[in-house]
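Asker: Next one to model:
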Amino acid sequence: MRLLQVDENGKFSLTDDLIHNIPPYAILSHTWGEDYEEVSFIDLTRGLRRTKAGYKKLRFCAKQAARDGLQYFWVDTCCINKENNTELSEAITSMYRWYNRATKCYTYLSDVSIIDDNHLSPSLQQWESAFRNSRWFTRGWTLQELLAPPSVEFFCSKGTRLGDKRSLEQQIHEITRIPVLALQGAPLAKFDIDERMSWAKMRQTKRGEDKAYSLLGLFDVSMPLIYGEGEEKAFRRLQREIRGDNPLDRLPYAIEAPFNSFTRQHEPACLTNTRVNLLNDIYAWVDGKDERCIFWLNGMAGTGKSTIARTVARRYYEQQRLAASFFFSKGGGDVSHAGLFITSIAMQVAQNVPASRQYIRNAVAERNDIASQSLRDQWQWLVLCPLLKLDEHSDKSAYVLVVDALDECDNENNIRIIIHLLAEARSLKMTRLRIFLTSRSEIPIRNGFRQISDAEHRDYLLHDISPSIVDHDLSIFFEYNLKLIGQEQSLDACWPGEEITKRLIQTAGGLFIWAATACRFIHEGKRFAVRRLDTILSGINSALIAPEKHLDEIYTTVLKQSIILEFTKEEKEEVYCALRKALGSIVILLSPLSASSLCKLLGVKKEDLDQTLNDMHSVLEIPKNRFQPLRLHHPSFRDYLLSKSRCQDPNFWVNEKQAHQVLADNCLRLMSISLKQDICGLNAPGKLITEVDRSRIDHNFPPEVQYACLYWIEHVQKSSAQLCDDDQVHHFLQKHLLHWLEALGWMGKMSEGVYAIAALQSFATSDDCPHLSNFIYDAKRFVLYNRSIIEQAPIQTYCSALIFVPTTSIVRKQFADCMPGWIEMLPRTEENWNVMLQTLEGHSGPVFAVAFSPDGKTLASGSDDRMVKLWDARSGAADAVAFSPDGKTLASGSRDYTVKLWDAGSGAVLQTLEGHSSLVVAVAFSPGGKTLASGSYDNTVKLWDAGSGAVLQTLKGHSSWVNVVAFSPDGKTLASGSDDRMVKLWDARSGAVLQTLEGHSSWVNVVAFSPDGKTLASGSDDRMVKLWDARSGAVLQTLEGHSSWVNVVAFSPDGKTLASGSDDRMVKLWDARSGAVLQTLEGHSSWVNVVAFSPDGKTLASGSDDRMVKLWDARSGAVLQTLEGHSSSVVAVAFSPDGKTLASGSYDKTVKLWDAGSGGVLQTFDIGYTTNSISFSDDSTSLLTNRGILPLSPFLSNRTAFLPPQISPSVFVKDQWVSLYTDRILWLPPEHRPSCVAVFGNVVGLGHKSGRVTLMTFNV
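Answerer: Below you'll find the predicted structure:
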């Protein structure tokens, strides 16, 4: 990217094209006027710009950047040479990343003016109406400009600052309907595709294609830009890219972990000319040859460790050398524990070290459950191994990982493990990983470092720095902050004077948190700032006492200022009580809450909490937006408040156990009034969580309710309360256990529920509370047994979960009234719990090995389903696939520009064929299987020896992307279709061009030879099908009739009929000799993606984006069957050799087998990947897909062995469910799933492999 700067003569100049070491820069977001009004790249290079209207925006951006201390800035109108198509394309695909990396983003609203612009800080009323109606919110490109940058500031047409993305988030949310979480920086992958699409729905762009191109960054995809293709085609390609599975979306992520997360954006870095020696020492270690991979900066609370960590992170972020950062925070929810530590680092490494992204993606794809594995496995699999692979072809470079406040991680064992894992970074030789780690010097940390070699870490004690250096830095800090306060309050320029500053420095005792708290306390005093400074100084007893004591004194001073002397004794006691309740809750919260949520959790009025916290800004971060979380400025305030020896005023000291009891009581109270059966009001017992709109769930589970559900047991535990029979915990469980489990299901937190129940069991002893202890034990068994279904369909908590547990279960008896009324005769179940705790589902083949990890926390299982999983893991995003004629070899073309040959039986990679320089989208084997052809976006076709992997020929001649390749039946001729609108016929042996078939006026999407090889059919975006003489190249017929793109063509087995499918939703049958339309088959409601004839040519199958497969009479055109069942686009169909069975593959990641006669579903394979190529083996014993071979049941070769169940029109059994009409109502646990089914009216009989028969009667 190029950047703008202002030279010494006050003129704008452009830098060279920068690739590495890009300096900090500001970036402009604005709406374009007419093109001739904007200053362009040519204008800047030729000096023609000042008279243009857009020059005003450049001047504004330059001045604002200078105010913010930034030398460089970027403006899209003139930093991109739009005459250079390559540069323009690269800029558009990089735009999201450029905005994301900007230090500041200035949004210039040319249509927003202020009624009275004499104010530096105009009130909202003066401009809000114009702001809400600004054209900026209606443009396509500004969506990513709003979401990508961490910091977005808004300015009116005269350059007056209106606010930023954080202060205006409520208004922006109301204008755009974008969730506040997205505005706060939550990963966009956490919002589903439809929701993200809705944000752009009403936005406009000058060029239709830009509506799609402007969304590339929002979906983290890339694709070539083709101006002229039109809006619809661009969106079609975008949707295809989005449909491709991105494994990184599966990784859980702590959004508050990075140093520059939205919630941390106002936390300070080191002031200029402070910490100079220390920072230089750190930078020299990063960039030098020191073999020690960890730099451990340690010191007591308040010495500025986190500020230094932010400064280091910012430096290397701006140099594009920050691998990741994770800032722990006690009581900070996801950043208070190690659960998301490795996955959050891996997500950032994938983003910040681009070369590692594919390796990390592959790692996640290969191990879907990696996020639930041990920290060691996660580190090895997601971080270390990908970086080691990077070592193989990387220049020697150093990336930095910043880990701050490791001592605030809530588990001592995890702290030691993390230190041990980080030390393994020393094994990286080329791509070096430098870990900058900060913490207090506490026992778990010290023990962790003792367990690794001294050669792996360097220690730096902050309190070993010379006091004179620390005092110098403190003097700069005080001078900077007190000067700002003096200017705000119009105090004397020399206030507070050198002597007072010296006293403040002396009192700080090297603690920057003391200095920061003092300055905040003085600043909050506003017109009483001088008095507050005097209060601080008068409270100083002696300069000789420990620095921590001074810190305690200033905290006490802050608290006492909130008590008005004129209050009566009773009024003071009321204020003290309110303070202890509010502050005690805030400091022990296990995850931050907003003021609004805290009010509801504690059951206090909004105005009461506001009044209580009004004078606490010096120690608390209290956002103006009541829906943003309250936070401590520094954890030392928590330490002070909970320590009786430090907080010596009993009016303020918080008894930690009592505070936990208060929160536990309030959690139970809130859940009791908030939770209920079917809380989302769905009235659909089989509704899957994936089928419910996330906003509906969030509405029913506001943050305070989610907090109560997640943490009530931990608060009970930490209160050290003595549990007993018939206490409030017992009563809550007896009344609300199922409501709580349903809530955890909707929240996706069943794992946390399992741990919580186990924790509760550990301190509810049978001696003290036998009834409660028995109830909790039974609840634990209930949760373990039903965890899987509650996670999938939470309302099944009251159905399957209750119905299939043992008859003597305490939970079943307690909640018998909750069982559904639509089941009359319950299935017979076990009387008592047996030794089986859980059934773990997920494999699609026999499991042949299991093993526990050494710590007993992890179970590994190995299965015969390896082939399908292996394909998913090893082949990447396969865009093109083909089987060899004997079905033993699979070829895949991929986005990594390679072609791979696989053993279709074992899953082993036989060859990796490298040679293409762009995406491989088409592959085909010759009929003999000895030659493989591949077509690529690099405009070439390559012929490969399928045995050795050698390139036989590179066929050049197309001038644009090659979309399709096909061999003639005798294997002597190869046809290729391209975006250059041509079809070429090649000699498959010599590579010579035999014919160039010109005639299409748009892209060629598909080609197919007739069975005798004499005729070639081609389909194009020009809506036409052409038939060509494969020998002479002459056009035999031009088949016109489709009204949109032709996606597929296929000849009947006798070659007399041609079928074509189109985006116009129609299938057409043509006489292949005369070109006459025989039939137009209408019935699909969306694009037709695929067609196939039955072996006898009498039936045609078609698959569509409408999720349906249709079977047609090829002679009359009548619809024989409409096959419904797929939940996404159908992209592959194939008949079995006997024509009696049809297979279909879909984007829903299933393959279905259908009875071609009756239309009934014979079998569904939930294979976990998209199948876009399908065919039967010659003996019908297996199905060949684009990822491997699926073995089929014997019934396909011996049909009499399979007797499909008689299915009632109302009640039927399908997959793992009993359904009523089309609705799922009852999930069948694994041990209750049938080997055969009989349904008669409302009675369902299930036969099991064990010989057992289950009967159920339904009230329908």
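
Asker: hang on, Gly18 is in a strand, isn't it?
Answerer: For the record, residue 18 is Leu, not Gly. No: the assignment for Leu18 (DSSP: H, G, I helix; E, B strand; the rest coil) gives coil, which keeps it out of a strand.

Asker: so what's Ile294 bridging to?
Answerer: Using DSSP bridges, the bridge partners assigned to Ile294 are Ile435, His457.

Asker: Identify the residue spatially nearest to the most centrally placed residue in the chain, adjacent ones excluded.
Answerer: The residue lying closest to the centre of the chain (C-alpha atoms, centre = their mean) is Ala189, at 3.3 Å. Spatial nearest neighbour of Ala189, excluding adjacent residues (C-beta to C-beta, 6 or more residues apart in numbering): Asp249 at 4.4 Å. C-betas here are computed from N, CA, C, even on glycine.

Asker: Same question for Asp987.
Answerer: Nearest non-adjacent residue to Asp987 (C-beta to C-beta, 6+ apart): Leu994, at 5.7 Å.

Asker: Need phi/psi at the one you found.
Answerer: Dihedral pair for Leu994: phi -90, psi -40, per degrees, to the nearest 10.

Asker: Then Gly748?
Answerer: Per degrees, to the nearest 10, the backbone of Gly748 is at phi 70, psi 30.

Asker: Return the residues in contact with it.
Answerer: Applying C-beta atoms under 8 Å, 6 or more residues apart in numbering, one finds that Gly748 lies in contact with 689, 791.

Asker: Leu802: how many residues sit nearby?
Answerer: 23 (other C-beta atoms under 10 Å).

Asker: Can you give the distance from the host helix or strand of it to the centre of its chain?
Answerer: Following DSSP states H and E, one finds Leu802 within helix 800-803. The chain centroid and the centroid of helix 800-803 are separated by 33 Å under C-alpha atoms, centre = their mean, to the nearest Å.

Asker: That one - contacts with which helices or strands?
Answerer: On a contact count with 3 or more C-beta pairs under 8 Å, 6 or more residues apart in numbering; DSSP states H and E, helix 800-803 meets helix 728-747, helix 770-792, strand 1223-1227.

Asker: And the next helix or strand past it?
Answerer: Following helix 800-803 in sequence, per DSSP H and E, is helix 810-814.

Asker: how about that next one: buried residues?
Answerer: Within helix 810-814, the residues scored as buried using 16 or more other C-beta atoms under 10 Å are 810-812, 814.

Asker: How about stretch 1064-1073?
Answerer: In stretch 1064-1073, counting by 16+ other C-beta under 10 Å, buried: 1064-1070, 1072.

Asker: and Leu437, which of the three is it?
Answerer: Leu437 is classified as strand under three-state DSSP.

Asker: Name all residues that make contact with it.
Answerer: 294-297, 402-404, 406, 419, 422.

Asker: Closest one of those residues to Glu570?
Answerer: Asp404 (44.7 Å; C-beta to C-beta).

Asker: Run a quick neighbour tally on the closest residue to His1084 other than its chain neighbours.
Answerer: Closest residue to His1084 apart from its sequence neighbours, by C-beta to C-beta, 6+ apart: Ser1104 at 4.1 Å. When neighbours are defined as other C-beta under 10 Å, Ser1104 has 25 of them.

Asker: List phi and psi for Ser1104.
Answerer: Torsion angles, degrees, to the nearest 10, at Ser1104: phi -140, psi 170.

Asker: That one is in contact with Val1088, isn't it?
Answerer: Yes: shown here, Ser1104 and Val1088 form a contact pair, counting by C-beta atoms under 8 Å, at 5.1 Å.

Asker: Any stretches of the stretch 151-300 of the chain with poor pLDDT?
Answerer: 243-245 (pLDDT under 70).

Asker: where exactly do the helices run in the stretch 451-600 of the chain?
Answerer: 467-488, 498-508, 512-524, 529-538, 547-561, 569-588, 595-602 (DSSP state H, counting those that start in this stretch).

Asker: Of those, which stretch is the most buried?
Answerer: Of these, the one with the most neighbours on average (mean count of other C-beta atoms under 10 Å) is helix 512-524, at a mean of 23.

Asker: Next up, the contacts around Asp407.
Answerer: Contacts of Asp407 (C-beta under 8 Å, 6+ apart): 328, 415, 439-440, 442, 444-445.

Asker: Could you do Phe328 as well?
Answerer: 335-336, 403-409.

Asker: So what's the residue count around Lys657?
Answerer: Neighbours of Lys657 (other C-beta under 10 Å): 13.

Asker: What score does it have for pLDDT?
Answerer: Looking at Lys657, its pLDDT reads 95.

Asker: Only the buried residues of whichever helix or strand it is part of, if you could.
Answerer: Element membership for Lys657 (DSSP H and E) is helix 656-674. By 16+ other C-beta under 10 Å, the buried positions in helix 656-674 come out as 656, 659-671, 674.

Asker: Beyond it, next helix or strand please.
Answerer: Helix 656-674 is succeeded, C-terminally, by helix 694-700 (DSSP H and E).

Asker: Can I get that next one in CSV? Just the C-alpha atoms.
Answerer: What follows is helix 694-700, C-alpha atoms only, in CSV (Å, rounded to 0.1, in the frame of the first residue of the first chain):
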residue,chain,number,x,y,z
ARG,A,694,-29.8,-16.1,17.6
SER,A,695,-31.5,-12.8,18.4
ARG,A,696,-34.5,-14.7,19.9
ILE,A,697,-32.2,-16.6,22.2
ASP,A,698,-30.3,-13.4,23.2
HIS,A,699,-33.6,-11.7,24.0
ASN,A,700,-34.6,-14.4,26.4
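
Asker: Tell me how many other residues surround His617.
Answerer: What His617 shows, counting by other C-beta under 10 Å, is a neighbour count of 15.

Asker: Report pLDDT for it.
Answerer: Taking His617 on its own, its pLDDT is 85.

Asker: Just give the nearest non-adjacent residue to it, would you?
Answerer: Glu524 (4.8 Å).

Asker: can I assume that neighbour is in contact with Ser618?
Answerer: Yes: taking contacts as C-beta under 8 Å, Glu524 lies within contact range of Ser618: 5.7 Å.

Asker: Span of stretch 209-222 from start to end?
Answerer: 14 Å (C-alpha to C-alpha, to the nearest Å).

Asker: Quick one: residues in contact with that stretch.
Answerer: With contacts defined as C-beta under 8 Å, 6+ apart, stretch 209-222 is touched by 92-93, 95-97, 99-100, 140-141, 143-144, 147-148, 188-189, 193, 196-197, 199-200, 203-205, 223, 225-231, 234-235, 237-238, 241-242, 244, 246.

Asker: who does Lys942 bridge with?
Answerer: In this entry, Lys942 is beta-bridged to Ser934, Thr954, by DSSP bridges.

Asker: Confirm for me that it is in contact with His916.
Answerer: Yes: using C-beta under 8 Å, Lys942 makes contact with His916 at a distance of 6.7 Å.
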